[in-house]
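Enquirer: for reference, the sequence and a predicted model appear below.
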Amino acid sequence: MPARVVGLSLAFVWASAAMAIEDRADNDPSEPDEDGTIAWKLTATHLHETALRSAFDLNLRGNEGANTFWIGHYQRGTEFRQTRAGYERQLEIPIGRIIASAQLATHGFAGGSITAELGKGAAFALAGWGRTNLKTYYNLNFDPNDSILLGAGWRAAKDTVVTLYQLHDDRLDTGQRVTHLVLRTKPDRRTRWTVDLFHKRGHSTDVDDAGERQLFRGTGLAVAYDFDRYFVKAAWDPKVNFTNSDMLRLAGGLRF
């Protein structure tokens, strides 16, 4: 599976406290408390693959003003373990915002990102670019993050946003492209829904005995539901990380 590539990216995304490194399609809506204390989010994720042993990931994330930071650990039995830590800061600009972030992980991984949002009206644009040092990393967001991102969004109402964007590899010559259609809506004060329908097409990063890369394609879906402090998420990702493995991802946690 490809190395995690989150680093230097320019992306126009909607969200408060956008999570550019952790998951481009999952910009977290949690906000710091009005009294200035840190808003924490704890997420536990079970990842079941058809071609690999099941894995577990635990992530703790905090928001404080313009700052976001996190620490996480991924473990697949005794086969692979990795601990990561990251930091993100937002800067408001007249036409939107800029978000800079960085992440380090064991196995020598290092990456960073710079994100931006343009457009404060109903419509906004999306664009981006990403890089890392390509060291070993388990890619938890399943997109080709060494990539360019292009797209657009629409704020249909105060609490409803629709975003359509595509990420495509611009570094490893795989032709990998993942297109996301994301709906976020908050029907009332206590609940929130996030639906991400995505389609992928591209070649593996690995080369077979004939010197060729296998072509993969598939359509997946992720659905998240928030109720007060608690949340759950389920995602089906066929050909995860452009391999012959399919993945079911189940997550849950709380904010405090």
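Expert: It's in. Residues are numbered from 1 along each chain as shown.
Enquirer: for A85, see how far away K135 is.
Expert: Going from K135 to A85 by C-beta to C-beta, to the nearest Å gives 15 Å. Quick note: C-beta positions are derived from backbone N, CA and C, even for glycine.
Enquirer: doesn't A152 fall inside a strand?
Expert: Yes: residue state for A152 (DSSP: H, G, I helix; E, B strand; the rest coil) corresponds to a strand.
Enquirer: pull the number of nearby residues for it.
Expert: Residues lying near A152 (other C-beta atoms under 10 Å) number 15.
Enquirer: wait, isn't it in contact with F124?
Expert: Yes: using C-beta atoms under 8 Å, A152 is in contact with F124, at 6.9 Å.
Enquirer: so where is the stretch 101-250 of the chain shaky, pLDDT-wise?
Expert: Across the stretch 101-250 of the chain, nothing is flagged by pLDDT under 70.
Enquirer: which residues of it fall in strands?
Expert: 109-118, 123-129, 147-157, 160-169, 177-185, 191-203, 215-227, 230-237, 247-255 (DSSP state E, counting those that start in this stretch).
Enquirer: quick one: buried residues of the fourth one?
Expert: So that's strand 160-169. 161-163, 165-169 (16 or more other C-beta atoms under 10 Å).
Enquirer: which residues touch the closest residue to A123 other than its chain neighbours?
Expert: Once flanking residues are discounted, A123 sits nearest to W154: 5.6 Å by C-beta to C-beta, 6 or more residues apart in numbering. By C-beta atoms under 8 Å, 6 or more residues apart in numbering, the residues touching W154 are 122-124, 161-163.
Enquirer: any chance of these in TSV, plus distance to V232?
Expert: What follows is the contacts of W154, written out as TSV (distance: C-beta to C-beta, whole Å):
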residue	distance to V232
A122	30
A123	31
F124	28
V161	21
V162	22
T163	21
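Enquirer: farthest pair within those residues?
Expert: By the measure C-beta to C-beta, A122 and T163 form the most distant pair in the contacts of W154, at 12.7 Å.
Enquirer: so what's the gap between stretch 167-187 and the chain middle?
Expert: 10 Å (C-alpha atoms, centre = their mean, to the nearest Å).
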